[in-house]
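Asker: Fold the following and give me the result.
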Amino acid sequence: MSWRLLLPLGLLVTACDSAESSLCPVGQHIENGTCTVPTKLQQIVRVSTVGFVPGSPKQATYAGPASTFVVRSAADDSVVFPDAPGNVNPAIDAIDSGEPETHTVDFSDLNAPGEYYVEVEHVGFSNKFRIGDDVFVEPFRAAMLGMYGWRCGSEVSFEWQGLKFGHGACHLDDGPGSGGWHDAGDYGKYTNNGAFALGMMLFAWDHFRPKLEGLSLAIPEQDNGIPDYLDECLYQAKWLLGMQLEDGSVSDRITSTNFDGFVMPESSSAPRNMAPASTKATADMVGALAHMARIVREFDAEQADQYEEAAKAAWQFLVDNPAAIPPPKSGFTGSYGLGNNPDPDTDDRAWGAAELWETTGDPDVLAAFEELGKSLVVQAYFDWDNVANLGIYAYLGSERDGRDQAVVDRLQGSLNLTTSSMVSTAKSHAYGRSLGNTYNWGINGTIARTTLALVLGSRLDPENAHADLDTASLQLDHLFGRNYYGRSFTTGVGLKSPENPHYRPSVADTVLSPWPGLLVGGSFAQNSAMGATSYPADQWVDDSSNYQTNEVAINWNAALIYALAAFLPDE
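Answerer: A predicted model of the protein is given here:
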């Protein structure tokens, strides 16, 4: 892969008359008494294209020889950090991207609000970035609009950066399962992943409510007496409620037999069917709706009662049916199955039990979770197929009396081991990734999801809070530009963001593409993209047909929303 030097917009490379000038133009430096273009221009310095909040770690990465660096003001090119050119950090062999000599540039002590760029002597420049308390507010709004754009069963209309996006009411024949979010780049709706995504967003409310409840979002429910953030969550919760069957069990999904073509959702005409129940879907609904019940109670007691009663009925079904009931294997789209766990729905039951106990205080439900908790561990890498982490987070974060201290200590120890490993891994990785050289399907969402453990770790272990939060911040840097490609992985956010996501509305809407606020999956080690090398980091392709690396999904966006919420300004 070849690279070219990309200069900050609006900055030109010109000649400099003499070394007496206190500043050379961007792209030049003083050499032998004259401002000249460096002789070893390699590639841009990779940095978050969105920016940093004051007090957070601020780092950039480049591939090339050791050198010195400065940070310059984007307004007048003056050097603002450090007082004298600073040395870059020792070389790191980035084996996942095939770059044997990479260096990190650390300018964490620069906290003054403003717009800047990094210059590395003899190497090149970073893109512009901003430092400010509010740098993540608009990316957060974009990610929330991404969720709004996934709405099914109603019209969608919103504006982003002066452009209007929208689709008509769709899939109105979904019956009791009307509403909710489409799952990913397709129009299926899956209880497992839908509950999982909602669960992460509800944790964001628990952990960052003061940052979220005053935010105004461009959704139809504005000014209804419920915070806009919760309104978006409730749109999904109401759909989950409709997926429950008379015996308390929960339908696994609503999809057509085959995936739709690249059409707008209102043009999707293939017959859709509600699947039979699975215990995975049933348990995940318990987790999400029990959590929703206690959050919404202060705003709407009637809705809270509905969600709590539905969760209780679903839990009773699980108690009466201890053997796993698998999802359908044919007649529906999507591959959300039971996963590879020895007990295929144990993780889901654990999440459901933890949330239902936290909501109701039922000692039998607590006992069920703690029996499972004797063998659970906090996993750095987790996704829809193993949601046990969410149950552990709910249990460890609880302030209810009655927990078995031995189980608490065991799970707290597991959380500490996992977060300390993430911190260490991020420090040693060239691009600050908490998962190091792991590249699985949807890896960008998984990287964002590691922030849940890091934030919870910071809340429960104050001694290591600073390191945990710093590592969480580095994950946003990576997703927004401090990565092998030097670009943002979220549509419409940051610089050089994806243009061709595998997302049906974006492909079908040939005038307005891409739709904003969508985190693409990222490099996948088994991707067979044309031109890909053997390096796992070099597998992402900005191509709408490449679902392996460029699809979008609600569980990835929900994780991004959580990560962004952690660094929003306090209201």
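Asker: all contacts plus neighbour counts: C-alpha atoms, from now on.
Answerer: OK.
Asker: just how off-centre is stretch 489-507 within its chain?
Answerer: Put simply, stretch 489-507 sits 14 Å off its chain's centre (CA atoms, centre = their mean, to the nearest Å).
Asker: Would you agree Tyr116 falls within a helix?
Answerer: No. Judged by DSSP: H, G, I helix; E, B strand; the rest coil, Tyr116 forms no part of a helix; its state is strand.
Asker: Point out where the chain drops to low pLDDT.
Answerer: Low-confidence segments of the chain (pLDDT under 70): 1-43, 339-343, 528-533.
Asker: Tell me how it divides into domains.
Answerer: By the assignment in automatic domain parsing, the chain contains the domains 29-131, 137-565.
Asker: now the last one: how far from the chain's centre is it?
Answerer: In other words, domain 137-565. Relative to the centre of its chain, domain 137-565 is centred 9 Å away, using CA atoms, centre = their mean.
Asker: thinking again about what came up before, mind checking which of the domains of the chain is nearest Glu571?
Answerer: domain 137-565 (5.5 Å; CA to CA).
Asker: Using JSON lines, lay out the domains of the chain together with distance to Glu571 and mean neighbour count.
Answerer: Shown next, in JSON lines, are the domains of the chain (distance: least, CA to CA, whole Å; neighbours: other CA atoms under 10 Å):
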{"stretch": "domain 29-131", "distance to Glu571": "15", "mean neighbour count": "20"}
{"stretch": "domain 137-565", "distance to Glu571": "6", "mean neighbour count": "21"}
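Asker: from what I can see Gly55 touches Asn111, true?
Answerer: Yes. Counting by CA atoms under 8 Å, Asn111 is a contact partner of Gly55 at 6.3 Å.
Asker: how close does the nearest residue to Asn416 once chain neighbours are set aside get to Gln316?
Answerer: Nearest residue to Asn416 in three dimensions, chain neighbours excluded: Gly457, at 6.7 Å (CA to CA, 6 or more residues apart in numbering). Distance, Gly457 to Gln316, by CA to CA, to the nearest Å: 32 Å.
Asker: try Gln303
Answerer: Taking CA to CA, one finds Gln303 at 20 Å from Gln316.
Asker: what's whichever helix in the chain runs longest packed up against?
Answerer: Ranked by number of residues, the top helix in the chain under DSSP state H is helix 405-428. If contacts are counted by 3 or more CA pairs under 8 Å, 6 or more residues apart in numbering; DSSP states H and E, helix 405-428 sits against helix 363-373, helix 388-396, helix 443-460, helix 465-479.
Asker: quick one: contacts of the third one?
Answerer: In other words, helix 443-460. For helix 443-460, the surrounding residues in contact (CA atoms under 8 Å, 6 or more residues apart in numbering) are 380-383, 393, 397, 415-416, 418-419, 433-435, 464-466, 468-469, 471-472, 475-476, 479, 519-524, 555-557, 559-560, 562-563, 566.
Asker: go again using 6 Å as the cut-off
Answerer: Helix 443-460 is contacted from outside by 419, 465, 468, 472, 521-522, 556, 559-560, 563, using CA atoms under 6 Å, 6 or more residues apart in numbering.
Asker: In space, what's closest to Pro363 - neighbours in sequence excluded?
Answerer: Trp357 (7.3 Å).
Asker: Just say helix, strand or coil for the one you found.
Answerer: helix.
Asker: contacting residues for the closest residue to Gly432 other than its chain neighbours?
Answerer: Counting by CA to CA, 6+ apart, Ala426 is the residue found nearest to Gly432 once chain neighbours are left out, at 4.3 Å. Counting by CA under 6 Å, 6+ apart, Ala426 makes contact with 432-434.
Asker: can you tell me how far Ala426 sits from Ile447?
Answerer: Taking CA to CA, one finds Ala426 at 11 Å from Ile447.
Asker: what does Val552 give?
Answerer: 14 Å.
Asker: Kindly report the same for Arg294.
Answerer: From Arg294 across to Ile447, the span is 28 Å (CA to CA).
Asker: what does Ser375 give?
Answerer: Ser375 is 25 Å from Ile447, by CA to CA.
Asker: go on, Lys189?
Answerer: Look at Lys189 and Ile447: by CA to CA, they are 24 Å apart.
Asker: Could you find the closest non-adjacent residue to Lys477?
Answerer: To be clear, residue 477 is Asp; Lys isn't right here. Ser48 (4.7 Å).
Asker: ranges for the helices of the stretch 51-200 of the chain?
Answerer: 137-149, 191-212 (DSSP state H, counting those that start in this stretch).
Asker: helices or strands next to the first one in the packing?
Answerer: Put plainly, it is helix 137-149. The helices and strands touching helix 137-149, judged by 3 or more CA pairs under 6 Å, 6 or more residues apart in numbering; DSSP states H and E, number zero.
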